[in-house]
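Novice: Provided below are the primary sequence and the corresponding predicted coordinates.
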Amino acid sequence: MPTTDKTVNWFFACRTEDVPENGGVCVKHCDDQIALFHFTRKNEWYATQNECPHRRQMALSRGMIGTQEDEPKVACPFHKKTFSLKSGKCLNADECAIKVYDVKVEDGKVFIRLNSAVRY
């Protein structure tokens with residue numbers, strides 16, 4: 001049976017104006033830190049785990065976003081590991097990946113779906 005928005009766990013993360021253009025913020029939900037990004041020039045929103053798996057630092061929300069062969073990505077500000085914002089796959093190494101979450105925006109509010117986390 002397909003899942004609808006009424007049966008999944010979306011939580012209110014922040015308002016759209018709380019996230020810098022072409023940048024990210026850290027959203028805390030219970031014990032989880034989630035990096036939320038607004039890719040302004042494409043009008044797209046992405047959410048990933050905030051922890052960089054390379055050295056286990058909570059840093060991805062402060063990373064630089066861009067594209068690699070049209071794939072939206074974030075680069076860890078400390079280690080320069082780059083991760084796909086769509087799949088979580090590490091784009092410059094095979095050793096690690098990150099969780100990604102679904103994001104939706106309604107009436108200026110940003111929501112993240114917790115049970116959508118996927119790690120590749």
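Specialist: Noted; the coordinates are in hand.
Novice: measure the residue nearest to the spatial centre of the chain to Val105 for me?
Specialist: The chain has Ala47 as the residue nearest its centroid, 2.0 Å off, counting by C-alpha atoms, centre = their mean. Ala47 sits 12 Å away from Val105, taking C-beta to C-beta, to the nearest Å as the criterion. Backbone N, C-alpha and C define where each C-beta goes, glycine included.
Novice: which residues does Ile98 contact?
Specialist: Thr48, Gln49, Glu51, Cys52, Pro53, Leu60, Phe83, Gly88, Cys90, Arg119 (C-beta atoms under 8 Å, 6 or more residues apart in numbering).
Novice: Out of those, give me the one that has the most neighbours.
Specialist: When neighbours are counted by other C-beta atoms under 10 Å, Phe83 leads these with 30 neighbours.
Novice: so that one touches Gln68, yeah?
Specialist: No. Contact criterion C-beta atoms under 8 Å: Phe83 and Gln68 do not qualify, at 10.2 Å.
Novice: shared neighbours of these two, which are they?
Specialist: Applying C-beta under 8 Å, 6+ apart, one finds that Phe83 and Gln68 are jointly contacted by Leu91.
Novice: Let me see the ranges of the strands in the chain.
Specialist: In the chain, the segments counted as strands under DSSP state E are 10-15, 23-29, 32-39, 44-49, 51-52, 57-58, 64-68, 71-75, 82-84, 99-106, 109-119.
Novice: Mean pLDDT for those strands - can I get that in CSV?
Specialist: Formatted as CSV, those follow (pLDDT from 0 to 100):
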stretch, mean pLDDT
strand 10-15, 97
strand 23-29, 96
strand 32-39, 96
strand 44-49, 97
strand 51-52, 94
strand 57-58, 92
strand 64-68, 93
strand 71-75, 95
strand 82-84, 95
strand 99-106, 97
strand 109-119, 78
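Novice: Tell me which of those strands is the most buried.
Specialist: Comparing the strands of the chain by mean neighbour count (mean count of other C-beta atoms under 10 Å), strand 82-84 comes out on top with a mean of 24.
Novice: So what's the gap between that one and the chain middle?
Specialist: 10 Å (C-alpha atoms, centre = their mean, to the nearest Å).
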